[in-house]
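> Here is the input, now give the coordinates:
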Amino acid sequence: MTGTDWQKKLADPQFLGSVDKAVNQFVIFGHKDLAFTLSKKLNSLLNKYDFVNNQPDLYKKYKKLIILCQWLSLSLLSETEIVGLFQSDAREGFSNEDILLESEMRIRLLTMMFDGRDSFKGKIRKALEENEQILTAHSIILHTKPVQPTIGNWIKSYNEVLGTGVIDNLKLSKFYIENQNIKQLNNNEKKVIKRIFDFYELMKYSSYHAKGMEERIGIDDPGREGTIINGVLEKFDPRSIKETEKLSRLINDSGKEEISGMSDETKAAISKNLEQIKKLYKGDKQQEQAIADLIKNLSGQSAVQSLFQAVNEGNTNKTIAILRLLAKEKKLVEIVSASGQLRSMFQGYLEAQYGKEITEKFNQDPKQIPFIFCFLQFILNDKLDLSDQESARQAVHIANYSAAAGDDQYLKMAYADESTGRFEWAEVVKGQDGLAIKR
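Numbers count the residues shown, from 1 in each chain. Sure thing, here's the model as predicted:
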């Protein structure tokens with residue numbers, strides 16, 4: 001495409017609409033690589049054809065999309081670009097719940113040498129302190145005088161009351177309850193302000209300090225087994241460990257240990273399944289322990305958001321832990337039924353695999369077992385990029401967790417074929433009435 005062609009294309013409202021749609025898809029599907037590439041290309045073209053002067057209105061619209069792409073791909077940006085975002089466009093990053101800002105920053109810091117991390121965190125704090133974007137609807141009080149509610153002034157007001165050092169949780173809770181500037185905010189504004197302050201606090205901690213260290217530290221001392229995350233020891237959940245050990249015994253002993261509360265038919269199905277995988281499935285002790293640890297950490301969190309974040313990060317162990325926990329609590333169907341990014345991502349996958357008619361059937365009744373089946377394949381195969389055999393092996397694990405809780409309807413999803421020595425998925429077939437599992 002020639003330069004003139006690009007200039008005309010950028011000026012076409014339909015092309016702008018297609019770019020806007022693409023960026024929204026990037027956010028939904030977590031395509032930060034594509035977002036990064038698009039932001040670079042658009043910036044280059046807009047500068048080349050001087051859109052800021054020749055097409056100022058279009059420039060603002062494209063710039064908004066570029067900024068969204070930059071926040072989505074934060075971990076891929078240079079230090080200068082990141083500091084610039086926090087100084088000039090922080091509002092767009094903190095106000096968009098789909099942007100996993102904290103996670104992206106942690107990933108970016110992990111790419112840096114230890115001796116450069118603290119300095120970079122200081123630059124981020126300073127950038128927020130200097131940000132002049134209007135954040136809330138009403139003016140705020142700073143040094144006893146009303147001032148514009150910019151991000152920078154909000155940070156200054158925060159520091160004026162609490163100081164610039166690390167703030168303990170008690171003082172912070174009191175601040176959110178009693179501060180007059182906070183009291184005038186609506187719920188959405190409070191949510192954004194809290195996210196900014198929490199992030200600002202996080203940037204105060206040195207990477208040499210346990211609470212500020214980006215790496216996770218495993219602890220295996222007797223009685224203190226767990227993982228240190230942001231300075232807090234998250235212990236292994238004994239119940240999760242016992243559950244894992246119980247399932248391991250079931251696998252190794254071919255179902256000799258019965259699970260109370262199950263029908264004879266369910267026990268027979270589990271026994272047959274476990275007999276098949278007895279010689280094939282040994283499991284990885286380290287991974288199983290890590291998953292047990294993660295199950296403990298997930299307590300009380302939103303399963304939908306936690307799963308989306310784990311998938312977006314490519315965190316295999318965390319994703320599997322969430323799926324097992326959902327199976328154990330008989331809530332697998334909830335994750336498929338819930339609205340949000342995961343559902344949108346899955347709808348796109350389902351339409352690509354089986355067409356719009358099946359996607360419409362999913363929207364009408366997402367709780368059908370074939371849709372749960374497809375959802376697990378989507379997460380394990382498509383998003384985590386596990387092999388067919390490994391994803392099927394994990395599906396067997398998930399089905400066994402569900403069966404152990406008294407729900408045996410997932411046992412037919414995957415199995416171990418002793419004739420081939422492989423774990424296999426059952427087949428999903430498309431019929432007149434929708435999808436069905438065939439094994």
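
> Would you mind giving both backbone torsions of T150?
phi -80, psi 160 (degrees, to the nearest 10).

> And for the one 10 residues further on?
Geometry field for E160 lists phi and psi as phi -60, psi -40, criterion degrees, to the nearest 10.

> Look up how far T136 lies from it.
Taking Cβ to Cβ, to the nearest Å as the measure, E160 falls 17 Å from T136. Glycine gets a C-beta too; all of them are placed from N, C-alpha and C.

> for F423, same thing?
53 Å.

> ok, now Y208?
Distance from Y208 to T136, by Cβ to Cβ: 35 Å.

> wouldn't L38 be in contact with A22 here?
Yes: counting by Cβ atoms under 8 Å, L38 touches A22, with 7.1 Å between them.

> Of the two, which one has the most company?
L38 (20 against 16; other Cβ atoms under 10 Å).

> give the contact list for that one.
V19, A22, V23, F26, C69 (Cβ atoms under 8 Å, 6 or more residues apart in numbering).

> got a winner among those for most neighbours?
C69 (26 neighbours).

> Name the SS class of that residue, please.
helix (DSSP: H, G, I helix; E, B strand; the rest coil).

> ditto for I167
coil.

> contacts for the helix or strand hosting S157?
Assigned by DSSP states H and E, S157 belongs to helix 151-162. With contact meaning Cβ under 8 Å, 6+ apart, helix 151-162 is reached by 90-91, 128-133, 135-136, 140-143, 147, 171-172, 175, 179, 181, 193, 196-197, 200.

> ok, 6 Å please
Under the criterion Cβ atoms under 6 Å, 6 or more residues apart in numbering, residues 90, 128-133, 135, 140, 142, 147, 175, 181, 197 lie in contact with helix 151-162.

> Torsion angles phi and psi at the most centrally placed residue in the chain?
Per Cα atoms, centre = their mean, the C-alpha nearest to the average position across the chain is that of Q309, at 0.8 Å. The phi/psi pair for Q309 (degrees, to the nearest 10) reads phi -70, psi -40.

> related to what we said a few turns ago, going on from the helix holding S157, what's the next piece of helix or strand?
Following helix 151-162 in sequence, per DSSP H and E, is helix 169-178.

> quick one: average confidence on that following helix?
Averaging pLDDT along helix 169-178 gives 86.

> Restricting to C-alpha, output that helix in CSV.
Extracted C-alpha coordinates of helix 169-178, given in CSV (Å, rounded to 0.1, in the frame of the first residue of the first chain):
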residue,chain,number,x,y,z
ASN,A,169,-3.6,-1.1,56.5
LEU,A,170,-5.3,0.4,59.6
LYS,A,171,-4.4,3.9,58.6
LEU,A,172,-5.4,3.2,55.0
SER,A,173,-8.8,1.8,56.0
LYS,A,174,-9.4,4.9,58.3
PHE,A,175,-8.5,7.2,55.4
TYR,A,176,-11.0,5.6,53.0
ILE,A,177,-13.8,5.9,55.6
GLU,A,178,-13.1,9.4,57.1
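
> can you give me the offset of the very next helix or strand once past that helix from its chain's centre?
Proceeding N to C from helix 169-178, the next assigned helix or strand is helix 180-183, under DSSP H and E. Put simply, helix 180-183 sits 31 Å off its chain's centre (Cα atoms, centre = their mean, to the nearest Å).

> Out of the contacts of L38, which one has the lowest pLDDT?
For those, the pLDDT minimum is F26, 84.

> Tell me if I'm right that that one and L34 touch.
Yes: in this structure, F26 is within contact of L34 by Cβ atoms under 6 Å, at 5.5 Å.

> ok, for F373, nearest residue in space, not its chain neighbours?
M413 (5.0 Å; Cβ to Cβ, 6 or more residues apart in numbering).

> any idea how far E288 is from that neighbour?
21 Å.

> okay, now the domains of this protein?
With domains defined by automatic domain parsing, the chain comprises 106-215, 226-438.

> would you put the C-alpha positions of stretch 55-71 in PDB?
The C-alpha coordinates for stretch 55-71 follow below in PDB (Å, rounded to 0.1, in the frame of the first residue of the first chain):
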ATOM      1  CA  GLN A  55      -6.800  15.800  11.000                       C
ATOM      2  CA  PRO A  56      -6.900  16.800  14.700                       C
ATOM      3  CA  ASP A  57     -10.300  15.200  15.400                       C
ATOM      4  CA  LEU A  58      -9.300  11.900  13.900                       C
ATOM      5  CA  TYR A  59      -5.900  12.000  15.500                       C
ATOM      6  CA  LYS A  60      -7.600  12.200  19.000                       C
ATOM      7  CA  LYS A  61      -9.700   9.200  18.200                       C
ATOM      8  CA  TYR A  62      -6.800   7.100  17.000                       C
ATOM      9  CA  LYS A  63      -4.600   8.300  19.900                       C
ATOM     10  CA  LYS A  64      -7.300   7.000  22.300                       C
ATOM     11  CA  LEU A  65      -7.000   3.600  20.700                       C
ATOM     12  CA  ILE A  66      -3.200   3.700  20.700                       C
ATOM     13  CA  ILE A  67      -3.200   4.500  24.400                       C
ATOM     14  CA  LEU A  68      -5.500   1.500  25.100                       C
ATOM     15  CA  CYS A  69      -3.200  -0.700  23.100                       C
ATOM     16  CA  GLN A  70      -0.200   0.600  25.100                       C
ATOM     17  CA  TRP A  71      -1.800  -0.200  28.400                       C
END
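
> Identify each buried residue in it, please.
Under the neighbour-count criterion of 16 or more other Cβ atoms under 10 Å, stretch 55-71 has Q55, L58, Y59, Y62, K63, L65, I66, I67, L68, C69, Q70, W71 buried.

> can you check stretch 372-388 too?
372-384, 386.

> Stretch 190-204 too?
Buried residues in stretch 190-204 (16+ other Cβ under 10 Å): V192, I193, R195, I196, F197, F199, Y200, E201, L202, M203, K204.

> what about the helices in the stretch 301-439 of the chain?
303-313, 316-328, 332-337, 341-354, 356-364, 369-377, 388-404 (DSSP state H, counting those that start in this stretch).

> same deal with the stretch 1-150 of the chain?
3-11, 13-29, 32-48, 51-54, 56-72, 79-88, 90-94, 101-110, 114-130.

> Could I get the average pLDDT for the fourth one?
Rounded to a whole number, the mean pLDDT of helix 51-54 is 93.
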